[in-house]
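In: What follows is a protein structure lacking sequence information:
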């Protein structure tokens, strides 16, 4: 069910790991933020939902911005997006109280995740032959689903363990989410470096006449 040849490609393996780290933070944030605002602070479900509008809107804006990155920066879109995501969670950890600052920070997080995801799709598609694209798509979707479950389970457990102090618990989880974002940036960087090393080798092989191979 899994094409192991794809995972044997370092650029693919590193980028999937980066996507796992980033995606787990998103679903964990959805769950933990709702618990914090509604059970911890007594805010309404409507308020809890509206706080996330900035995240969703910024996520949608990120894709066209990513496509306009200069050629030298495009390979590192995943790194930049992950760093923005991590910085947003770090800011939330430092100031977890609800209000305009939280809305802005979540918007930055959504933009970072959107940039990283847009870069992910382009880089992974270019890293494999066309006949393996379907297998790769399955890997991306499956890893994202596993990341979602793992993120809610792990970070949700941490939050509930500290839930007697809601602001402190949310701050700790946000700091852990920031660390995961930084880990995603590191994995994306390794993927970009590996892909950059593979491209010259591939072009050199293409210049060798077929009868000499």
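Out: Arrived safely. Because the structure is a prediction, the values reported are computed rather than measured.
In: contacts, neighbours, all on C-alpha from now
Out: Will do.
In: name the helices or strands packed onto the lengthiest helix in the chain?
Out: For the chain, the helix that runs over the most residues, judged by DSSP state H, is helix 166-207. Where contact means 3 or more C-alpha pairs under 8 Å, 6 or more residues apart in numbering; DSSP states H and E, helix 166-207 is packed against helix 10-34, helix 77-94, helix 133-161.
In: just checking, residue 88 touches residue 108?
Out: Yes: assessed by C-alpha atoms under 8 Å, residue 88 is found in contact with residue 108 at 5.8 Å.
In: Quick check: residue 51 touching residue 103?
Out: Yes: at 5.8 Å, residue 51 counts as touching residue 103 under the criterion of C-alpha under 8 Å.
In: now the protein, which segments are flagged as low pLDDT?
Out: Applying pLDDT under 70 to the chain flags residues 1, 198-213.
In: Of the helices and strands packed on helix 166-207, flag the one that's most buried.
Out: Among the helices and strands packed on helix 166-207, helix 77-94 has the highest mean neighbour count (mean count of other C-alpha atoms under 10 Å), at a mean of 26.
In: could you check the angle helix 10-34 makes with that helix?
Out: Orientation check (axes from the mean of the first three to the mean of the last three C-alpha atoms, to 10 degrees): helix 77-94 against helix 10-34 gives 30 degrees.
In: List the contacts of helix 77-94.
Out: 22, 66, 69, 102, 105-106, 108-120, 170-175, 177-182, 184-186, 188-189 (C-alpha atoms under 8 Å, 6 or more residues apart in numbering).
In: Quick one, which of those residues are buried?
Out: Burial by neighbour count, 16 or more other C-alpha atoms under 10 Å: within the contacts of helix 77-94 this picks out 22, 66, 102, 105-106, 108-120, 170-175, 177-182, 184-186, 188-189.
In: Leaving out chain neighbours, which residue sits closest to residue 54?
Out: residue 107 (4.5 Å; C-alpha to C-alpha, 6 or more residues apart in numbering).
In: to the chain's geometric centre, what's the distance from the helix or strand that contains that neighbour?
Out: Using DSSP states H and E, residue 107 falls within helix 100-127. The chain centroid and the centroid of helix 100-127 are separated by 7 Å under C-alpha atoms, centre = their mean, to the nearest Å.
In: now do stretch 62-69
Out: Using C-alpha atoms, centre = their mean, the offset of stretch 62-69 from its chain centre is 16 Å.
In: Touching that stretch from outside, list them.
Out: Under C-alpha under 8 Å, 6+ apart, the answer for stretch 62-69 is 74, 77, 111-112, 114-115, 118-119.
In: Also stretch 116-132?
Out: Taking C-alpha under 8 Å, 6+ apart as the rule, stretch 116-132 contacts 6, 11-12, 15, 19, 62-63, 66, 74-82, 133, 136, 195.
In: Report the secondary structure state of residue 96.
Out: coil (DSSP: H, G, I helix; E, B strand; the rest coil).
In: nearest residue to it other than its sequence neighbours?
Out: Per C-alpha to C-alpha, 6+ apart, closest to residue 96 is residue 171, 5.8 Å.
In: so who does the one you found touch?
Out: 92-96.
In: Would you convert the helices and strands packed on helix 166-207 into TSV that also reports distance to residue 124?
Out: Output for those, formatted as TSV (distance: least, C-alpha to C-alpha, whole Å):
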stretch	distance to residue 124
helix 10-34	6
helix 77-94	11
helix 133-161	8
